[in-house]
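[1] with the input below, show me the fold.
(chains A, B and C)
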Amino acid sequence: MTNFFKLLRFELDRFFKLYIVLIVVTIVSQLAGLVIISKLYMRRAREEIVVNQNSMESFLETYGQFSLANLTHSLWFFGPIALCIVSLLIYVFFIWYRDWFGKNTFIYRLLMLPTERLNVYLAKAMTIFTMVLGLVSLQIVLIYLEMNLVRLLVPRDFRLDLTIHEVIRSFDYFNILIPDSFLGFLISYGTGLMAVFVLFTAILIERSYRLKGVFIGGLYVAASFFVFISPLILSEIFLPRFFYPIEMFLLEVFAGLIVMTGAIWLGYYLLNKKIRV
Amino acid sequence: MIEVREITKRFGRKEVLKGVSFTAEKGEITCLIGVNGVGKTTVMNAIMNLTPIQSGEILIDGQKINKRSYEKIMFIPDAITMLPQMTIQQAMQFMDDFYESWNEKRAKELLDFFKLEEGNKISNLSKGNTAKINLLLGLALDVDYLLMDEPFSGIDIFSREQIADVFTSHLVEDRGVIITTHEINDIEHLIDKVVILNDGTVVKSFYTEEVREKEGKSVIDVLREVHLQ
Amino acid sequence: MNITFNKRDPLYVQVIRYFKEQIATGAFEPGEEIPSRRELASKLKINPNTAQRAYKEMEEEGLIYTEGNNPSKVTKDIEKIASVRQEMIMEAVDAFVHAIRPINVSLDEVVGLIEAKLNEEQEGRK
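    This is a model prediction of the structure:
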């Protein structure tokens, strides 16, 4: 177990510089974005009301009140989020391939450690997972910060204060990243973790069988996906309206667990019996 | 003792190892020799379970390799495998973190012996010094068996001499060492046993002092005979 | 300490021959400490097992001796040293005779030449 944590720390260290860059980009872009779009909004208000002599009511009717939704719908907000998502997706592959194709072939070291090789696999997965959770927590903190900042930037009459739930709901897909219930959290992140394991195992299939492995890996991913959605297929095509929603949910959880266990077991097997440096 | 028994290995259709068998004893330096591309490195990788074999068996002190074996046997590949951005000190710390058999005193001693500074980054080291650090990271482990892949290739003469010194010092004493080379000249006085690999099999294995004493032949004489056959 | 090894004789035999030379000429004095097998291996750049073998054989031949855990020493046995010297001379003579036999040269001629050569070398050393 201690070896797992040592490996985890080591893997986190290796990504740390890039991670800091992602964090700084996100903070700067979202805060600067909020300042800029709120200033633009207020300038327009001034123009309409002071220069064009329109009433405040008619301005608000045309442009609406300023809320954090204005920010969340802008590139300033979701740009860095997209950047983080893409970076982490790339890193799912990079975290393995760098050990083979980096300047010094580090995979030798990792495979010759006096510890279960599965620890390397789990530590890498946990690294990705920790990074995602870290960025999501950063986002929640940032939203709180932005909720306070907007009060300083926009006068009360022009402002619509949203609750954090409303902010999150204002941005499509956001409730996947920040679910509003514990169950939602389990579903989102359980599925995410499962996907990471499946991709990791597909990468190990490629690393074990090389060119042939690309095809086998592709088939494996397709098969995993099929198993995962099999309860849906079952209920949609063969047994419409047969299952209660809760039964459907449990079947889905079960399918997810099968896929995840399968991925980890296969990863364990490949690392111990088939992997090549 | 490391026992390699009838191992076979294919890369695609190409059969690289066609039933290789040999043993390497503790306290002896065994040299795996053969031309480039003959599969020496593959044998090393197979012993360390870094590449799967199609058939055969490899035993270390009678046991198949497992996670605990890596405290007993270490492989030093022909190029360094530590991250380039690490300093020597960080590389040594990495070893210390994971290996119970890491011997810090010996690591420091080797660092002095090679005249290297802990603060240097691996990516800034010369070729010869990189080879020395590569060696150090393996030699400073209190393991019973050491595998070294071409420890003399591609480095300057003075680094070679220093590395050769390692073989005659207490650093390898009482250990079982397997070293690969395609160039026997530098080391024929250092090794106990030669295993000649050719065309995927072991064509001959012998003790160097024995062929000198009984047949009056040098190691190169034997290699020549094998090649002319 | 420096030996130029040939590649076809067993190294341990060459090491023993070197020690015998040193003992016969008095370069290694009776009772003098000799290097440990590891020091020897490292000085001569040979395998420690080879050094070990050489020491074992020399110990059996009585050229060196070891008391307890102390470093090994050159024998103090004067007769032994004399016989080593004798052996070295005989070996050299054998080789010499073997070498000149095919040339068919008379004893007087050879002795004269040897004397001249030795004098010449003596001069050269001064």
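
[2] what's the pLDDT at the most centrally placed residue in chain B?
    Residue closest to the mean C-alpha point of chain B, counted by CA atoms, centre = their mean, is B:Met148 at 1.7 Å. For B:Met148, the pLDDT comes out at 95.

[3] any idea what it is bridged to?
    Beta-bridge pairing of B:Met148 under DSSP bridges involves B:Ile76, B:Ile179.

[4] that one: what's it in contact with?
    By CB atoms under 8 Å, 6 or more residues apart in numbering or on different chains, the contact set of B:Met148 is B:Phe75, B:Ile76, B:Leu135, B:Gly138, B:Val177, B:Ile178, B:Ile179, B:Thr180. For the C-beta atoms, the positions are set from N, CA and C on the backbone; glycine is no exception.

[5] B:Phe75 is in contact with the fourth one, correct?
    Yes. Using CB atoms under 8 Å, B:Gly138 and B:Phe75 qualify as a contacting pair, with a distance of 7.4 Å.

[6] compare these two (neighbour count), which wins?
    Comparing B:Gly138 with B:Phe75 by other CB atoms under 10 Å in any protein chain shown, the one with more neighbours is B:Phe75, at 24 against 18.

[7] from A:Ala82, how far out is that one?
    Distance of B:Phe75 to A:Ala82, given as CB to CB, to the nearest Å: 43 Å.

[8] try B:Ile76
    44 Å.

[9] look at the two and report which has more neighbours.
    Neighbour count, other CB under 10 Å: between B:Ile76 and A:Ala82, B:Ile76 has more, with 24 against 11.

[10] any part of the helix or strand of chain B with the lowest mean pLDDT near chain C?
    Every helix and strand of chain B was ranked by mean pLDDT, DSSP states H and E. The lowest is helix B:157-168, at a mean of 85. Yes. Against chain C, helix B:157-168 shows contacts by CB under 8 Å from any CB of the partner chain at B:Ala164, B:Asp165, B:Phe167, B:Thr168.

[11] among the residues you listed, the buried ones, what's the ChimeraX command?
    Per 16 or more other CB atoms under 10 Å in any protein chain shown, the buried members of the residues of helix B:157-168 next to chain C correspond to this ChimeraX selection:
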select /B:164,167,168
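
[12] what's the distance between the nearest residue to B:Lys132 once chain neighbours are set aside and C:Ile64?
    Nearest non-adjacent residue to B:Lys132, counting by CB to CB, 6 or more residues apart in numbering or on different chains: B:Phe114, 4.4 Å away. Taking CB to CB as the measure, B:Phe114 falls 34 Å from C:Ile64.

[13] over to A:Arg117?
    52 Å.

[14] more neighbours: which of these two?
    Between A:Arg117 and C:Ile64, counted using other CB under 10 Å, the more crowded position is C:Ile64 (23 against 19).

[15] and the more buried one, its phi and psi?
    Backbone dihedrals for C:Ile64, given as degrees, to the nearest 10, come out at phi -130, psi 160.

[16] that one contacts C:Lys76, correct?
    No. At 10.6 Å, C:Ile64 does not count as touching C:Lys76 under the criterion of CB under 8 Å.

[17] neighbours of A:Arg276, just the number please.
    Quick note: A:Arg276 (other CB under 10 Å) scores 16 neighbours.

[18] helix, strand, or coil at the nearest residue to it once chain neighbours are set aside?
    Nearest non-adjacent residue to A:Arg276, counting by CB to CB, 6+ apart: B:Thr51, 4.9 Å away. Here B:Thr51 is recorded as coil under DSSP: H, G, I helix; E, B strand; the rest coil.

[19] mind checking how far B:Thr51 is from A:Thr127?
    B:Thr51 sits 26 Å away from A:Thr127, going by CB to CB.

[20] of those two, who's got more company?
    Here B:Thr51 and A:Thr127 are compared on neighbour count by other CB under 10 Å; more neighbours surround A:Thr127, at 23 against 19.

[21] that one is in what secondary structure piece?
    helix A:117-153 (DSSP states H and E).

[22] next one: that helix to chain centre, how far?
    Centroid displacement of helix A:117-153 relative to its chain, using CA atoms, centre = their mean, to the nearest Å, is 9 Å.

[23] helices along chain B, start to end?
    In chain B, the helices defined using DSSP state H lie at B:40-47, B:88-98, B:104-114, B:127-139, B:157-168, B:208-215, B:219-228.

[24] same list, those, but as TSV with distance to A:Leu40 please.
    Output for the helices of chain B, formatted as TSV (distance: least, CB to CB, whole Å):
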stretch	distance to A:Leu40
helix B:40-47	62
helix B:88-98	48
helix B:104-114	61
helix B:127-139	56
helix B:157-168	65
helix B:208-215	84
helix B:219-228	81
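
[25] so what's C:Lys126 scoring on pLDDT?
    We have a pLDDT of 64 for C:Lys126.

[26] same deal with A:Met1?
    Model confidence at A:Met1, given as pLDDT, is 66.

[27] got it, and the one 5 residues further on?
    At A:Lys6, the model reports a pLDDT of 97.

[28] contacts for stretch B:220-229, please.
    For stretch B:220-229, contacts defined as CB under 8 Å, 6+ apart pick out B:33, B:184-185, B:188, B:194, B:196, B:198, B:203-204, B:206, B:211, C:7-8.

[29] show me how to select, in ChimeraX, the buried members of these.
    Typed into ChimeraX, the line below selects the buried ones among the contacts of stretch B:220-229, using 16+ other CB under 10 Å:
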select /B:33,184,188,194,196,198,206,211
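
[30] mind checking which of the contacts of stretch B:220-229 are in strands?
    Among those, the residues falling in strands (DSSP state E) are B:Ile33, B:Val194, B:Ile196, B:Asn198, B:Val203, B:Lys204, B:Phe206.

[31] excluding chain neighbours, what is closest to the last one?
    With CB to CB, 6+ apart as the criterion, B:Phe206 has its nearest non-adjacent residue at 5.8 Å, and that residue is B:Val194.

[32] ok, now A:Leu193?
    Excluding its sequence neighbours, the residue lying closest to A:Leu193 (CB to CB, 6+ apart) is A:Phe129, at 5.9 Å.

[33] same deal with B:Glu173?
    Nearest non-adjacent residue to B:Glu173, counting by CB to CB, 6+ apart: C:Pro48, 5.8 Å away.

[34] so how far is C:Tyr55 from the one you found?
    10 Å.

[35] and if you look at B:Gly56?
    B:Gly56 is 39 Å from C:Tyr55, by CB to CB.

[36] low-confidence stretches in the chain?
    Unless you meant another one, I'm taking chain A. A:1 (pLDDT under 70).

[37] hm, I was asking about chain C
    For chain C, the stretches flagged by pLDDT under 70 are C:126.

[38] coming back round to it: what about the residue nearest to B:Glu173, how many residues nearby?
    Using other CB under 10 Å, the number of residues around C:Pro48 comes to 25.

[39] so what's the residue most central in space within chain C up against?
    For chain C, the residue nearest the mean C-alpha position is C:Glu21 (2.3 Å; CA atoms, centre = their mean). Contact partners of C:Glu21, counting by CB under 8 Å, 6+ apart, are C:Ala27, C:Met88.

[40] quick check: phi and psi on it?
    Here C:Glu21 shows phi and psi, under degrees, to the nearest 10, equal to phi -60, psi -50.

[41] ok and the residue in chain C nearest chain B?
    C:Lys7 (3.5 Å; CB to the nearest CB).

[42] give the contact list for the residue nearest to that residue when sequence neighbours are not counted.
    Leaving out its chain neighbours, the residue that sits closest to C:Lys7 by CB to CB, 6+ apart is B:Ser218, at 3.5 Å. By CB under 8 Å, 6+ apart, the contact set of B:Ser218 is B:Glu188, B:Arg212, C:Lys7, C:Arg8.

[43] tell me how far the first one lies from B:Gly34.
    Right, the one you point to is B:Glu188. Counting by CB to CB - B:Glu188 and B:Gly34 are separated by 15 Å.

[44] ok, which stretches of chain C are strands?
    Along chain C, the segments classed as strands by DSSP E run C:64-65, C:73-74.
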